[in-house]
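[1] Turn this into a model:
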Amino acid sequence: MTLEYRPAAAVMLLNADDKVFVAQRIDSSLDAWQMPQGGLDPGEDARTGALRELEEETGIGTHLVEVIAQSSRELLYDLPPELAGKLWKGRYAGQRQSWFLMRFLGSDVDVNLDTEHPEFRNFQWVDPWRLPELIVAFKKPLYEAVLDEFAAHLPPRTT
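    Predicted structure coming up:
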C-alpha cells in the first residue's frame with residue numbers, strides 16, 4: 001500500500017533584519033529548530049492554513065504579517081521509517097507543503113509560544129542560509145528547496 005502525503009502549509013517568517021524565525025519543538029530532545037508549519041484542515045486553502053498555523057504555534061496574528069511570496073509548487077518531505085508508522089496514525093508517508101514567505105511587522109514581545117496547545121519551547125532569529133544545518137536531518141532537503149524557492153527575496157549568502 002502506498003501512503004499519501006499529508007496536505008500542509010508552512011511559513012518562512014522574516015523580521016526587519018531579514019532573519020528567519022525558528023523554534024524548538026517541545027516534544028523533541030533534539031537540538032533541532034524548525035519554521036512554523038502544520039496540516040491543513042479539510043477544505044482549507046493553503047494561505048489560510050499557513051496564517052492559522054503561524055498564529056496557533058507562535059501567537060503572531062495575521063495583522064502582524066504580510067505575505068511576500070508563495071512557493072511555486074508543493075514541497076514534499078518523507079518521514080524516516082522509525083516515524084512513518086507513528087505520526088498521524090501511520091496514514092501518511094510525509095507532508096506536501098505549500099510554503100509562504102512572510103514579513104513580520106511586530107517585535108519579539110508579539111511572539112507567544114505559550115499557546116492553547118504549545119508546540120515550541122524556545123525561538124530565535126537566524127540567517128536564512130543556516131536553516132539546513134538547524135533542522136532535523138530528514139527535512140534538510142526540504143529546507144534547501146524552500147531557500148531555492150525564496151532566494152530572490154532573501155539577503156545574499158555570506159558564506
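[2] Check the offset of stretch 146-159 from the chain's centre.
    Computed by CA atoms, centre = their mean, to the nearest Å, the chain-centroid distance of stretch 146-159 equals 16 Å.
[3] buried residues in it?
    Applying a neighbour-count criterion of 16 or more other CB atoms under 10 Å, the buried positions in stretch 146-159 are 146-147, 149-150, 154. C-beta here means a position set from N, CA and C on the backbone, and glycine is covered the same way.
[4] now, which of those lie within strands?
    Members of the buried residues of stretch 146-159 lying in strands (criterion: DSSP state E): none.
[5] Now residue 91: closest residue in space, sequence neighbours ignored.
    Excluding the flanking residues, the one nearest residue 91 by CB to CB, 6 or more residues apart in numbering is residue 3, at 6.8 Å.
[6] mind listing what the one you found touches?
    Each residue near residue 3 by CB atoms under 8 Å, 6 or more residues apart in numbering is listed here: 84, 91-93.
[7] and what of residue 97?
    8-10, 37, 71, 74-77, 142 are the contacts of residue 97 under CB under 8 Å, 6+ apart.
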